[in-house]
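# Dropping the sequence and predicted coords here.
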Amino acid sequence: MAKYLAKRIFYLILTLFIVITVTFFLMKLLPGTPLTNQAKLSKSQIALIYQQYGLDKPVWQQYVLYLAGAVKGNFGTSFQFSDQPVSYLISSRIEPSLQIGLQAIIVGVIVGIVIGAFGAMKQNSWVDTSATVVSILGISIPSFVLAVLLQYYLGLKLGWFPIAEWGGFSYTVLPTLALAAAPLAESARFVRTEMVDVLSSDYIELAKAKGLSRMGVIYHHALRNSLIPLITIVGPLAVNIMTGSMVVENIFSIPGIGEQFVKSVLTNDYPTIMGLTIVYSFMLCVVLLITDILYGIVDPRIRITGKAN
Amino acid sequence: MADTVKLPEDSFKPMTPAERQALDSEKIAAPSLTFRQDAWRRLKKNKGAWVSLIVLAIIFIMAFGSLVVSPHNPNAVNPSYANLPSKIPGVGINGFNGTLVQAGQRVDAYKQAGASAGTYYIMGTDYLGRDLFSRVLYGTRISLIIALVATLFDLTIGVTYGMISGWKGGRVDTIMQRIIEIILSIPNLVVIVLLILILKPGMTSIIIAIALTSWVNMARLVRAQTLELKEQEFILAARTLGESSMKISFKHLLPNLSSVIIINTMFTIPNAIFFEATLSYIGIGISSPQASLGTLLNDGQKNFQFLPYQMWWPALILSIIMLAFNLLGDGLRDAFDPRTKE
């Protein structure tokens, strides 16, 4: 296990290193500068500003410096907000994004499990049909459409929740719901398929034959075994939420990293874009690592070996 | 023991041809079906997939037919008819009869704008007086073109990559899989955004960006299938007969991979449409005067409070397209692989 872990962490670091390298050189290909009003500045002023951003050095030196900084969590200075380090920009904004993302994934997966389980239990009845309809709709309706509709109907028309900005828990409800739709649909579909499989297996027959109650069979035997593979889709769900958050945070004007990413893209704020790309990949890598490890712990049938693949 | 058996006399008479026909157990009653015919038959039985196929066909014909016949020019600006709600002739339901609620009262927006009685816009008009229906058709066409071209590219990359990785195996496979793992650890949208920044926003760069990021899934599925196939006898036979790897992959692997490829394509297309809509929605996708479903949604969302129809229509069409592709994909999966039928 320790060997496996070490190997995975080594790959995580290697991945991040490649991500940093690729984004760094991609960003160097772009023409943008930190200057806002180039025509009005004298040559020496431009040189000074370049020096301040470290852009006067040759590219390879910039790269080494960036790499050294990134290890310590220093991603340079934002072009858009001069004097603001990117790391500060990210750390001050990551909390709302994490909160909404976690809430969405928890709500989505739990409701999805319930819907999927009911669908499988009452297979081919109206319950099953409506569960399928919910999950297909959840996959088909883009989160930003859902976000606008929720904002308008639950926020503005009914006035149940604040329509935008960031404050207490009530501000998180609508964005969470908008983001939760996709994981809900995915996990409902997944759990249904798994559970239909499990319900037709021999040990369920045995449990029934022993005279266990219906709920006992479902809860102790069927549900538990159908939930294990669900861990494998947590990674893709996290990607889904990260993607969705970029738009949803914009709609609800939440001061999160998704909103910042879009803003930075629109203003060509390269250091921030790079910093956020690295943070996104880091989060995703960690999620993938945790799910892999959890999967090994939860399901003893899967033997984790030190071998690749 | 033998004397207890009493066989009826007529058992020993020869059968008439009619009797033989009826008893012939060797006869195959149904015509034999090829794999594809069988899949097609199963697909037709799946109502959801079948309806989706028809809906998609209609949307395709309308979107591409609007190149030839369009109710209005999608880019013709007509300020005096700006923001007219949808009006369908002969329909009296509020919301489809050209009336709007203004200051608590329902008024005929078409009369206010001074439009003649014969004027109608099925989906209304936008803030510049452009016919929304024509724009939605136009936007659907752009979205579909982007999705289809991107999917075509991603198909070629994904299938080739997967086949090489699975066929070669060993070290090549390990390295290729590591590359995939690295790509998978960056959220797709982030990569797409970075690529678009470098390639300058526009239709071509969106297509390239989506194509370059979404082949991974295809590659993994194709690889897994190739690994399974290459152990089978018919491949061994082909190798023994001295076929080149190239020929084996085209003549033997590809036909056997086709169902996996077709099914995955059905899920790649809606994904591409979704990415395009998201990009246009956040403002780095298609730029005006071109329109896609994403830009239409973005425009509509600005006025959603007062003119909700401007967002409802593109949202509806977008969702229907995504829904239809998803249902068709599910249907095809069941059709090609009856074992996974839920």
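Thanks, I have the structure now. Model, not experiment: these values are computed from the prediction.
# since we're on residue 69, how many residues are nearby?
Went with chain A since none was named. By other C-beta atoms under 10 Å in any protein chain shown, 16 other residues sit near A:Gly69. Bear in mind the C-beta positions are built from the backbone N, C-alpha and C, glycine included.
# wrong one, I was asking about chain B
7.
# That one: what secondary structure?
In three-state terms, and counting by DSSP: H, G, I helix; E, B strand; the rest coil, B:Val69 is coil.
# Where does A:Asp83 fall, secondary structure wise?
Using DSSP states H and E, no element contains A:Asp83; it sits outside every helix and strand.
# Just give the nearest non-adjacent residue to it, would you?
The spatially closest residue to A:Asp83, leaving aside those adjacent along the chain, is A:Thr77, at 7.0 Å (C-beta to C-beta, 6 or more residues apart in numbering or on different chains).
# next one: phi and psi at the one you found?
When quoted as degrees, to the nearest 10, the phi and psi of A:Thr77 stand at phi -110, psi 140.
# mind listing what it touches?
Contacts for A:Thr77 (C-beta atoms under 8 Å, 6 or more residues apart in numbering or on different chains) come out as A:52-53, A:83-86, A:271.
# residues in the stretch 101-250 of chain A within reach of chain B, list them.
Of all the residues in the stretch 101-250 of chain A, those in contact range of chain B (C-beta under 8 Å from any C-beta of the partner chain) are A:136-137, A:139-142, A:144-145, A:148, A:152, A:156, A:192-193, A:196, A:239, A:242-243, A:246-247, A:250.
# Tell me the buried residues within those.
When burial is judged by neighbour count using 16 or more other C-beta atoms under 10 Å in any protein chain shown, the buried members of those are A:136-137, A:139-142, A:144-145, A:148, A:152, A:192-193, A:196, A:239, A:242-243, A:246-247, A:250.
# Could you pull out the helices in the stretch 151-300 of chain A for me?
A:170-199, A:202-209, A:214-216, A:224-227, A:234-251, A:257-266, A:270-298 (DSSP state H, counting those that start in this stretch).
# now what about the fourth one, what contacts it?
Under the criterion C-beta under 8 Å, 6+ apart, residues A:113, A:117, A:120, A:191, A:194-195, A:197-198 lie in contact with helix A:224-227.
# coming back round to it: from the contacts of A:Thr77, keep the buried residues only.
Neighbour counting by 16+ other C-beta under 10 Å classes A:53, A:85-86, A:271 among the contacts of A:Thr77 as buried.
# from these, which single one is nearest chain B?
Comparing the buried ones among the contacts of A:Thr77 against chain B with C-beta to the nearest C-beta places A:Pro271 closest, at 13.5 Å.
# Tell me the spatial nearest neighbour of the closest residue to chain A within the stretch 1-150 of chain B, not counting adjacent residues.
Residue nearest to chain A within the stretch 1-150 of chain B (C-beta to the nearest C-beta): B:Gly48, separated by 8.4 Å. Once flanking residues are discounted, B:Gly48 sits nearest to B:Leu327: 4.5 Å by C-beta to C-beta, 6+ apart.
# So which elements touch the helix or strand harbouring that neighbour?
Counting by DSSP H and E, the element that carries B:Leu327 is helix B:309-336. Helix B:309-336 is packed against helix A:126-140, helix A:143-150, helix B:35-45, helix B:47-65, helix B:132-168, helix B:254-282, helix B:293-302, with contacts defined by 3 or more C-beta pairs under 8 Å, 6 or more residues apart in numbering or on different chains; DSSP states H and E.
# Isn't A:Val109 up against A:Leu230?
Yes: with contact defined as C-beta atoms under 8 Å, A:Val109 reaches A:Leu230; the gap is 7.3 Å.
# got any residues that touch both of these two?
Each of A:Ser187 lies in contact with both A:Val109 and A:Leu230 under the rule C-beta under 8 Å, 6+ apart.
# Tell me the buried residues in stretch B:142-152?
Residues of stretch B:142-152 classed as buried under the neighbour-count rule (16+ other C-beta under 10 Å) are B:142-151.
# now chain B, which segments are flagged as low pLDDT?
Counting by pLDDT under 70, the low-confidence segments of chain B come to B:1-3, B:23-29, B:89-92, B:95, B:97-98, B:102-104, B:113-118, B:338-342.
# Could you list the residues of it in contact with chain A?
That would be B:174, B:177-178, B:181-182, B:184-190, B:193-194, B:197-198, B:270, B:274, B:277-278, B:281-284, B:297, B:301, B:304-305, B:308, B:311, B:315, B:318-319, B:322-323, B:326-327, B:342, which are the residues of chain B within reach of chain A (C-beta under 8 Å from any C-beta).
# Mind pulling up the pLDDT for A:Gln38?
Residue-level confidence at A:Gln38 comes out at 68, pLDDT.
# same deal with the one 3 residues further on?
The predicted structure scores A:Leu41 at 75 on the pLDDT scale.
# roughly how far apart are it and A:Gly112?
Spatial separation of A:Leu41 from A:Gly112 under the definition C-beta to C-beta, to the nearest Å is 55 Å.
# The residue in chain A that chain B sits nearest to and B:His72, how far apart?
Using C-beta to the nearest C-beta, the closest approach of chain A to chain B is made by A:Ser140 at 3.9 Å. Plainly put, A:Ser140 is 29 Å away from B:His72 if you go by C-beta to C-beta.
# Next: A:Tyr280.
Taking C-beta to C-beta, one finds A:Tyr280 at 43 Å from B:His72.
# Of the two, give the one with the bigger neighbour count.
A count of neighbours by other C-beta under 10 Å puts A:Tyr280 above the other of A:Tyr280 and B:His72, at 24 against 19.
# Can you list the low-confidence ranges for chain A?
By pLDDT under 70, the low-scoring segments of chain A are A:32-39, A:82, A:299-309.
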